[in-house]
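Trainee: Sequence and computational prediction follow.
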Amino acid sequence: MRIPLIYRLKLPLVKIFFLPLLVLLCSQGYGQNKSQKFNLDFETNVQGGSLPKDWIKWGDYPIAKDSIIVYSGKFSSKITAESGISFGSIAYKIPSRYKGKVITLEGYMRLKNVANGFAGLMLRLDGNGGVLQFDNMQSRGISGTRDWQKYQITLPYHPDTETIFVAGVLQGNGSAWFDNFKVSVDGKDIVDLKEIEIRKPNVERDSTFDKGSNVVFGDLTEQKVTDLELLGRIWGFLKYHHPAIATGDYNWDYELFRFLPKYLEAETIESRNQFLMNWIASYGTVQPCQRCPAINSNAYLKPNFKWFKQYELSRGISKQLTYIQKNRFQGDHYYINFVPNVGNPKFKNEDGYYLMPYPDEGFRLLALFRYWNMIEYYFPYKHLTDKKWDGILEENIPKFINAKDELEYEIATLKLIASIQDTHANLWQGNAQILNWKGKFFAPVHLGFVENQLTVLDYYNPELKNETGLEVGDVITEINGEKVDNILNSKLQYYPASNYPTQLRDISPDMLRSSDSILTIKYQHENLEKSRKIKLYKRENLSIYRWYRTDDIDYSYTLLENNIGYITLKNIKEKDIPKIKKEFINTKGIIIDIRNYPSFFVPFALGGFFVDNLTPFVRFTVANDKTPGEFLMGESLKIAPTTPTFKGKLVVLVNELSQSQAEYTAMAFRSSPRCTIIGSTTAGADGNVSQMILPGGMGSMISGIGVHYPDGSETQRVGIVPDIEIKPTLEGIRNGKDELLEKAIQLINKD
């Protein structure tokens, strides 16, 4: 089980905002003249340009060429931190036209007051639609103030490398200068190496719209929106079904831009239909498929092609689409395959257009078309959304086309992602403007909703307790004169999740987040109404943790009073499991705390300790790789008992912090006949995740397989429903009680 990296990192949260660099840049030409093949020394400049020729900016920090502080020559490049919560990078793209075993990047770097992060070089090799090798020197932790010094990165030179990216990177605070980069293969400078002629697929040779789509939509009449909705459906259908597109013969993004101007000229339904019919036919005759299976009548989810006969489509188009579906592509698809032995989709060869943080109208519509069709054909929980997925495409067309700036585009994308109601699905990268919009100042208190009230749970920095003036258990009722409930109702739409408790979990840390460094709050303290100003801090000045502390205990299991075993999965290790079985076999009962994300996968290794027989505990729905849109339900997965078997009571603790692998693990323990799960509804997002990238360098994820109980009942959005519901109370919080743990002990002690 995987969950978004934002939840798995054990680094301070500030590190998270460097995520966009992991999938950095995709399409940029490189400079070449008689005297210099690559501008790796920053010396070639364009008059009036702020950056050296062919170098590009990525991230939020200001980047500029510097003619004062240089290592050699006339120019270096400088990155200066502004907010301290993001990153800056100056990057360069080199086509991979070389052969060798290792590739090395060398470069000089100078630092001034770099703190709460790092500075480094970056070397990244891309190919096969993804990252093949990567290093940005983050693990070296280079910071502080340093004079010019040479640094080096060496990586295996993957034979499938198509693009080499080099960059200078700054994350955190301070300034960093970069100069005199050099790339070598097997010790030889690439400037001196002979280039190898590489024949690219047709799709990768098409560069017509690299700088923009040139599409302008004009007034979006009701009919035009309907026509665009239809085009989005047909474009996505052909992408995943038509052999000419599936084999990579066409750049399907750019084919959309070629067709759109003519399509937008259609003044009647008849002319629109004729344009569509000719467009579909232009990609050649689809040969009959002898091995294409019919749609499985027993499939858990079936593709929906009712729209073939809607939108006033002509009979000819309906026949075209039906024929293509029945004779769809069955081979190695250019845009989609599936993770071996798991089955979640892997979206590949999707260009992120990273150089367009605010892409033009055509590319913004492409983002909507791409995402909608990924969900339409490959999301196992499409049927569980509150709004019918069929209507989401039409609803969002005006929002994407009319997004007036980068922030509006990010927000439109975030709301689109939120509509699938999957806690795994969020705008995990390419969200710099949203982060700035939410504010760069944070309160020094950890907040949560207790009894539906915004409550102080902890201090990020205990030394700030007196200055803050708030006590654990205090309830915040107003922020800058506005009721907390009103703020919650207005902001909840920006926090996607599978269910309401998880939305509350995710919005809590941001309720006292602001662009101002001072907030005025009203709060309840011991039944008294109080008011005060509270000082906020930049993230780097606080020891912020996401959901729970990971360093508060240094053990994964311990023996409680009355011979009760306690296990917490947040720091469990593989080597602990044999010890747990040996030391806890004769205990009165065992409590397993999964109000966290397990640090080791234990469903089988530990789950077998609690079952008497071979016991089913989960079933999966997986996309049929031969039929887009079809999901098949598999047989139950079973847990085998281990020797010895624990015969005492088992109590499992869960709440909204239990997500993905934690939920899957709870399902495994629930298969024990002696298990009781207590707590509250979990995050409701189970199943291995699939990553996706959208124009503007925006990254998201989805739960890629469906996870069900053996009887077929859903876990998505529902979560793991406890046998006994217990939630923290304000009284318990104020008295430092763990009410779930106390209830678990009570259950075990009960005769």
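Mentor: Here it is on my side, so go on. Numbering: from 1, shown residues only.
Trainee: Report the contact partners of residue 156.
Mentor: Residue 156 is in contact with 101, 102, 103, 133, counting by Cβ atoms under 8 Å, 6 or more residues apart in numbering. C-beta here means a position set from N, CA and C on the backbone, and glycine is covered the same way.
Trainee: Would you map the strands across the stretch 251-400 of the chain?
Mentor: 336-338, 345-347 (DSSP state E, counting those that start in this stretch).
Trainee: Any idea which of the ones you listed gets closest to residue 234?
Mentor: Nearest to residue 234, of all the strands of the stretch 251-400 of the chain, is strand 336-338, at 17.5 Å by Cβ to Cβ.
Trainee: buried ones in the closest one?
Mentor: The neighbour-count check on strand 336-338 (16 or more other Cβ atoms under 10 Å) flags 336, 338 as buried.
Trainee: and what of stretch 39-57?
Mentor: By 16+ other Cβ under 10 Å, the buried positions in stretch 39-57 come out as 39-45, 51-57.
Trainee: Report the distance from it to the chain centre.
Mentor: Here the centre of stretch 39-57 is set off from its chain's centre by 32 Å, with Cα atoms, centre = their mean, to the nearest Å.
Trainee: Any idea how far apart the tips of it sit?
Mentor: Using Cα to Cα, to the nearest Å, the end-to-end distance of stretch 39-57 comes out at 15 Å.
Trainee: How about stretch 442-457?
Mentor: 15 Å.
Trainee: Same question for stretch 582-593.
Mentor: Start-to-end, stretch 582-593 (Cα to Cα) is 19 Å.
Trainee: re the thing from before, which one of the buried residues of stretch 39-57 sits closest to residue 195?
Mentor: Residue 195 lies nearest to residue 40 out of the buried residues of stretch 39-57, by Cβ to Cβ, at 16.0 Å.
Trainee: give me every residue that touches that closest one.
Mentor: Per Cβ under 8 Å, 6+ apart, neighbours of residue 40: 92, 166, 180, 181, 182, 183.
Trainee: Which two of those residues have the greatest separation?
Mentor: Within those, 92 and 180 form the most distant pair, 13.0 Å apart (Cβ to Cβ).
Trainee: more neighbours, the two?
Mentor: More crowded of residue 92 and residue 180, by other Cβ atoms under 10 Å: residue 92, with 24 against 19.
Trainee: what's the more buried one sitting at in phi/psi?
Mentor: Note on residue 92: backbone dihedrals following degrees, to the nearest 10 are phi -140, psi 140.
Trainee: how far away is it from residue 453?
Mentor: Residue 92 sits 52 Å away from residue 453, going by Cβ to Cβ, to the nearest Å.
Trainee: do residue 655 as well
Mentor: For residue 655, the distance to residue 453 (Cβ to Cβ) stands at 17 Å.
Trainee: out of these two, which sits in the more crowded spot?
Mentor: Neighbours per residue (other Cβ under 10 Å) separate residue 655 from residue 453, with residue 655 holding more: 25 against 15.
Trainee: residues contacting residue 180?
Mentor: By Cβ under 8 Å, 6+ apart, the contact set of residue 180 is 40, 41, 42, 71, 72, 73, 106, 107, 108.
Trainee: Out of these, which two are the most distant from each other?
Mentor: It's 73 and 106 that sit farthest apart of the contacts of residue 180, by Cβ to Cβ, at 15.5 Å.
Trainee: Which of the two has more residues huddled nearby?
Mentor: The neighbour comparison of residue 73 against residue 106 (other Cβ under 10 Å) goes to residue 106, with 19 against 12.
Trainee: C-terminal to the strand or helix carrying that one, what's the next element?
Mentor: Residue 106 belongs to strand 102-127 when assigned by DSSP states H and E. Next helix or strand after strand 102-127 toward the C-terminus (DSSP H and E): strand 130-135.
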